[in-house]
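J.: Need a 3D model of the following:
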Amino acid sequence: MLAATLTRGSRSGALAASKNLSLARSAVQKTATRSCGLVAAVDNVWSPSPSTTSSNAAILHDINVLRQTTSRIVHRGPDGQKLTRGSMSTGGYGKWAMGHQRLAIVDPNSRTADMPFRFDFHSSGKNMSGDSKVVNLAANGEIYNHKELYAELVNEHGWKIDRGSQSDCEVIGHAYACLGPEEAVKRLDGMFAFVVFEEGDEATGKAPRAFAARDPVGIKPLYYAKTADGCGYAFASELKSLVGHVDTSTVKQVPPGHYWTPETGLVCYYNPDWLRKDDFAPWEEGKAPSIDEVREGFNAAVSKRMMADVDYGFFLSGGVDSCIVSQVLMPRYRAETGDDRPIPAFTVGMENSPDVMAARAMVDALGGERHVDHRQRVFTPEEVFNLIPKIIFHMETYETELIRSAIPNWLLAERAGADVKMVLTGEGADELFAGYLYFMDAENPRQIQNELRRIYGMLGDINLHRTDRMTMAHALEARVPFLDTKFTEMAMSVDPALKIVDKEAVQTNSPGREKTYLRNMFEGPNENGHSIPRPVLWRAKAMQCEGVGEDWVSMLQRKVAAEVTDAEMDNAHITYPLNTPHTKEELYYRRIFEDHYAGMAHVVNAWEGGCRAGGAAWESDAYTRTGLNNVGVLSHSLQEPIAARAFSTSTNARRT
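T.: Sure, this is the predicted structure:
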């Protein structure tokens, strides 16, 4: 087979000499995998007006500015930085620039897979029509099916160009050139965000192209905007890399399951029947998956996410979702790695909190310290309040419910990031199996199905936004097996009548409560004979801001409210006409956000009504914009009596 020419750039941005790299790899060689951060910019050579095709943006013309801008997201990839620049045509017309920060997880010492990639694909394969393609690629994430996809290109599409590195993300470039970008992005299985600049050829009349895309669920972030002079486009993994370079009014995120081109704008490429069709109901036709099929689907999703050449672990909140991940992971970890060392598990919370006590019980159930190295970050309320400005800077949001959970999540990621580079998490189960307490007020199964679709659509703005920002702030990659697209389709094909929540069961921590279908699925022992303890299996759903301590949210609210004056609240509608803060807590977070990201408030997609339950089709007083109303439902039998608790003050009270 032919070899792709892969041109590598130095950290100074100068292009190194081209080198042909053969892909005659042995089966034992491993894949260079990394979750990282990207920055990119390009002149708007597609503009019909010649006066708006060439930008004076410094990021395009000054290598030091590109370096400084890329370094703003060094936390996402401290293992290496690479910068590349070039022209969008053979005649030197139109400039482009890319920067990349690397977090190496598999084959961490390899430099052949550093991005951005520059491919010179010479004529090959029936889909290239005799043309050559010069493709520049910066990507962030993991492509789990990279080997299978490359084999498909070769065996089914006549692709004859060898891979030039061990990177899973390299297959994006090959698929782009072979299948075309619109088809290529549909074939990717993983979590990703990427930008491609394909150079034109004035001699042949070949037009330059730009293409950007984000994974179906929104696990990895990607923003874009017009440059400040309106004559170019800029892209970044985080908003902070756009500050000072763009017209802030034009900043947008690439939504989950979408791609962007300058000609089409945003286009949705991921729109499955379960998400698109209001009448989707395979259970009515006897086509719903069995509980055994759903369980095996999740087992496969976990196995898919175990690819790593560095130590990794898992987040163990003590909630049923993370406990299920750990129960499935443990026997596979031993079998696939042959590693007899205890695997690290990370927990955060106040002493004797629902999460900490449940997590300790789960570790014991998994065989104790012989099998699990349980690393806990126990905190007191006073030590974290001063972290809030830093957390909002990294979170890039003012969504209140999200920030509450981000605070303990910061501590958790900080603790884990000191020891490992990758963790598995339980994110996403609630959006598939009706895990939130307000579901107990749903009136019928169809309401449940529609509400799950609604909150699934917000994952990229809420849960996954928090997961990405808090972990990547500490150079830590989080993988989310519950949100595997194949597993998600199976879960959303389950009859929603099986997801109905019994209010009485919620009060008694018994079957019939939220996520009963999921709990029943993993009630039995795993291959090692380890079962989830019953008090853990049937404990109440707690958002992280609640599970770390029943009164944590009320303590937080009292603290930050003291930082906002009544006069500021009275003028909130004038100061912040968009998404006006309704409480002092909301205003405090918004004020910090505006200090860093002025003019970008419109980018934040906040919950309707100020909380997750606010947009539901039914009325519920379980959640309000100030949080869970009855925090007493979070307590369980593994905790010490209330009188013995150091920080709990009103466990059985309702918030007012």
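
J.: Show me where the stretch 551-656 of the chain has its strands.
T.: Assigned by DSSP state E, counting those that start in this stretch, the strands in the stretch 551-656 of the chain fall at 623-624, 627-628.

J.: now swap in the stretch 51-200 of the chain and tell me
T.: Assigned by DSSP E, counting those that start in this stretch, the stretch 51-200 of the chain shows strands spanning 80-87, 95-102, 104-106, 117-121, 133-143, 161-162, 190-199.

J.: And residue 189, how far from residue 520?
T.: To residue 520, residue 189 is 28 Å away according to CB to CB, to the nearest Å. Any C-beta I mention is one placed from the backbone N, CA and C, and that applies to glycine too.

J.: Neighbour count for the two, which is higher?
T.: A side-by-side neighbour count of residue 189 and residue 520, using other CB atoms under 10 Å, places residue 189 first with 18 against 13.

J.: Surely that one touches residue 142?
T.: No - here residue 189 does not reach residue 142: they are 9.4 Å apart, not a contact under CB atoms under 8 Å.

J.: per-residue pLDDT, residue 79?
T.: The model reports residue 79 with a pLDDT of 89.

J.: Would you check that it makes contact with residue 103?
T.: Yes - using CB under 8 Å, residue 79 is in contact with residue 103, at 5.7 Å.

J.: When those two are compared, which one has more neighbours?
T.: Residue environment comparison for residue 79 versus residue 103 gives the larger neighbour count to residue 103, 24 against 17, counting by other CB under 10 Å.

J.: Roughly how far does the more buried one sit from residue 73?
T.: Computed with CB to CB, the distance linking residue 103 and residue 73 is 11 Å.

J.: what's the answer for residue 224, then?
T.: Where residue 73 is concerned, residue 224 sits at a distance of 15 Å (CB to CB).

J.: cool, residue 608 as well?
T.: Using CB to CB, residue 608 is found at 30 Å from residue 73.

J.: More neighbours: which of those two?
T.: Shown here are residue 608 and residue 73; by other CB under 10 Å, residue 73 has more neighbours (24 against 13).

J.: residues near residue 119, how many?
T.: A count of nearby residues for residue 119, using other CB under 10 Å, gives 23.

J.: oh sorry, the question was meant for residue 490
T.: For residue 490, the number of neighbouring residues by other CB under 10 Å comes to 22.

J.: Which helix or strand contains it?
T.: Under the criterion of DSSP states H and E, residue 490 resides in helix 485-491.

J.: what's the answer for residue 347, then?
T.: Of the helices and strands defined by DSSP H and E, residue 347 is found in strand 343-349.

J.: Run through who's touching that strand.
T.: The list of residues contacting strand 343-349 from outside it, by CB atoms under 8 Å, 6 or more residues apart in numbering, reads 311-318, 326, 329-330, 333, 355-356, 359-360, 363, 371-379, 408-409, 411-412, 415-416, 419-420, 423, 544, 547-549.

J.: Stretch 363-375 too?
T.: Taking contacts as CB under 8 Å, 6+ apart, the residues outside stretch 363-375 that touch it are 313, 316, 326-327, 330, 341-347, 359-360, 415-416, 419, 528, 530-533, 536.

J.: Extract the residue ranges of the stretch 351-500 of the chain that are flagged as low pLDDT.
T.: Nowhere does the stretch 351-500 of the chain drop to pLDDT under 70.

J.: Where do the strands of it begin and end?
T.: In the stretch 351-500 of the chain, strands defined by DSSP E, counting those that start in this stretch lie at 372-378, 422-424, 477-479, listed in chain order.

J.: Out of those strands, indicate the one that is most buried.
T.: Here the criterion is mean neighbour count by mean count of other CB atoms under 10 Å, and of those the winner is strand 477-479, at a mean of 27.

J.: what lines up beside that one in the sheet?
T.: Based on DSSP bridges, the pairing partners of strand 477-479 within the sheet are strand 422-424 (parallel).

J.: Run through the helices of the stretch 451-600 of the chain in chain order.
T.: Per DSSP state H, counting those that start in this stretch, the stretch 451-600 of the chain carries helices over the ranges 463-472, 485-491, 503-508, 516-521, 534-537, 544-547, 552-561, 566-570, 572-575, 584-597.

J.: Which one, of those, ends up nearest to residue 296?
T.: helix 485-491 (9.3 Å; CB to CB).

J.: Give me the distance from that closest one to the chain's centre.
T.: Between the mean C-alpha location of helix 485-491 and the chain-wide mean there is a distance of 17 Å, by CA atoms, centre = their mean, to the nearest Å.

J.: and the residue positioned nearest the centre of the chain, how far is that from residue 476?
T.: The C-alpha lying nearest the average C-alpha coordinate of the chain belongs to residue 219 (CA atoms, centre = their mean; 2.5 Å). Residue 219 sits 14 Å away from residue 476, going by CB to CB.

J.: Show me how far stretch 227-234 is from its chain's centre.
T.: 27 Å.

J.: What are the buried residues along that stretch?
T.: Taking 16 or more other CB atoms under 10 Å as the neighbour-count basis, stretch 227-234 is seen to contain the buried residues 227-228, 231-234.

J.: now stretch 610-620
T.: With the criterion 16+ other CB under 10 Å, stretch 610-620 contains buried residues 610-614, 616, 620.
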